[in-house]
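>>> Fold the stuff below for me.
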Amino acid sequence: MSDDHTPATVGFLVALEPVVARLLDRHLAAAKPWFPHAYVPWSEATDYDGPLDGEPWRPGQSLMSDAVQDSFAVSLLTEDNLPSYHHEIATVFGRDGAWGTWVHRWTAEEDRHAYALRSYLHARRALDPVRLEEQRMAHLSRGFESGRPGVLHSLAYVTVQEMATREAHRNTGKACGDPLGEQLTARIAADENLHMLFYRDLYRAAIDLDPDAALTALADVICDFRMPGATLPGFRERSLRIAAAGIYNLDIHHEHVLLPLLRTLGVWGRTDLTAVGDQARERIGLHLEQVQRNATRFRSVFARLDPDGVVGA
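The predicted structure follows:
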């Protein structure tokens with residue numbers, strides 16, 4: 001464990017470690033090995049310009065819609081930032097015992113995603129490889145900070161984030177119009193689902209350990225949640241196109257991330273909260289209502305979009 005851990009943080013890490021060990025064993029039993037190279041259409045790939053004197057990339061070579069290209073780019077560039085994510089969780093959770101074993105296992109599994117996505121997208125000529133590399137360099141140079149230090153906030157964030165990422169990968173594949181792309185994103189989404197199950201069930205144990213503190217951290221994260229790719233160049237414009245295409249929007253975030261998560265965590269039925277926990281639960285409820293209102297408003301805007309993504313009269 002790092003030297004800057006407070007006594008409260010150390011207490012949570014120690015108290016939750018037996019749960020981490022149990023969930024890690026469950027994860028290792030459920031995780032199925034897969035190999036990124038098997039999802040890349042190597043035989044269909046062609047050389048690019050440069051040392052191989054191949055054909056430069058041109059926009060017309062991509063068979064994917066702009067929204068799907070945006071979604072693949074955001075997903076890949078997000079996965080690329082793994083060194084920062086590893087640093088974050090290793091700093092908070094430590095590198096010792098069951099916690100450390102989980103941190104390294106999670107990192108090893110996540111490392112496959114960027115390699116597989118980039119190889120597939122390059123082989124398909126689905127995205128501009130030069131722009132993609134320029135954005136990768138810019139994004140990784142910024143790094144990533146969750147802004148939520150401490151065990152509970154970190155656990156709450158990764159629980160919500162893994163569930164959201166699962167939905168984004170899965171829906172990108174369904175929208176891409178390529179059976180191989182759908183297979184690949186489904187395989188990645190399966191990884192994310194197992195990671196979510198680990199964190200979700202660990203967070204349920206954290207709520208049992210300290211209901212007020214855990215619900216407060218959960219409310220903080222849910223009410224101010226941003227995807228880890230939110231610092232990407234042009235993220236707002238891309239996220240709007242992705243939302244309009246139905247790949248990931250507020251309806252999906254509400255119906256397929258927040259509601260199932262809160263139900264499984266048993267947030268609404270807890271009877272062991274003080275006024276502090278009740279206030280956190282109320283904040284979550286009010287936030288859900290706001291998400292629903294915003295989702296309705298955006299649906300109205302998206303309904304007026306023409307095929308080029310411009311709002312009509």
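
>>> mind listing the helices for the stretch 1-150 of the chain?
Assigned by DSSP state H, counting those that start in this stretch, the stretch 1-150 of the chain shows helices spanning 7-30, 66-80, 82-93, 97-124, 129-142.

>>> which helices and strands does the top helix by length along the chain pack with?
Of all segments of type helix in the chain, defined using DSSP state H, the longest is helix 179-209. Judged by 3 or more Cβ pairs under 8 Å, 6 or more residues apart in numbering; DSSP states H and E, the packing partners of helix 179-209 are helix 7-30, helix 97-124, helix 151-175, helix 211-223, helix 259-265. C-beta here means a position set from N, CA and C on the backbone, and glycine is covered the same way.

>>> Single out the most deeply packed of the ones you listed.
Of all the helices and strands packed on helix 179-209, helix 151-175 carries the top mean neighbour count, a mean of 24, counting by mean count of other Cβ atoms under 10 Å.

>>> report the angle between the axes of that helix and helix 7-30?
Going by axes from the mean of the first three to the mean of the last three Cα atoms, to 10 degrees, helix 151-175 is angled at 30 degrees with respect to helix 7-30.

>>> Mean confidence (pLDDT) on helix 151-175, please.
Mean pLDDT, helix 151-175: 96.

>>> tell me what that helix is packed against?
Using 3+ Cβ pairs under 8 Å, 6+ apart: helix 151-175 touches helix 7-30, helix 66-80, helix 82-93, helix 179-209, helix 211-223, helix 259-265.

>>> Could you check the angle it makes with helix 82-93?
Angle of helix 151-175 versus helix 82-93, following the same axes, to 10 degrees, is 150 degrees.

>>> ok, back up a step: quick one, which of the helices and strands packed on helix 179-209 is nearest to Arg200?
Evaluated over these, closeness to Arg200 peaks at helix 151-175, with 5.2 Å, by Cβ to Cβ.

>>> did I read that right, Gly269 in a strand?
No: note on Gly269: no strand contains this position according to DSSP: H, G, I helix; E, B strand; the rest coil, which reports coil.

>>> quick one, phi/psi of it?
Per-residue torsions, Gly269: phi -100, psi 0 (degrees, to the nearest 10).

>>> Return the distance of it relative to Ser141.
45 Å (Cβ to Cβ, to the nearest Å).

>>> Kindly state the pLDDT recorded for the closest residue to Gly54 other than its chain neighbours?
Sequence neighbours aside, Asp47 is the residue nearest to Gly54 in space, at 2.8 Å (criterion: Cβ to Cβ, 6 or more residues apart in numbering). pLDDT, Asp47: 96.

>>> Enumerate every residue touching Asp47.
53-55 (Cβ atoms under 8 Å, 6 or more residues apart in numbering).

>>> How many neighbouring residues does Asp66 have?
For Asp66, the count of nearby residues is 16 (other Cβ atoms under 10 Å).

>>> Leu240 is in contact with that one, correct?
No: taking contacts as Cβ atoms under 8 Å, Asp66 lies outside contact range of Leu240: 11.3 Å.

>>> Would you list the phi and psi of Asp224?
phi -130, psi 30.

>>> That one and Leu77, how far apart?
22 Å.

>>> the more surrounded of those two?
Ranked by neighbour count (other Cβ under 10 Å), Asp224 and Leu77 place Leu77 first, with 24 against 11.

>>> residues in contact with that one?
Per Cβ under 8 Å, 6+ apart, neighbours of Leu77: 132, 135-136, 139, 229, 232.

>>> same check, this time on Val130
By Cβ under 8 Å, 6+ apart, Val130 lies in contact with Trp57.

>>> Quickly note the distance from it to Tyr48.
Taking Cβ to Cβ, one finds Val130 at 9 Å from Tyr48.
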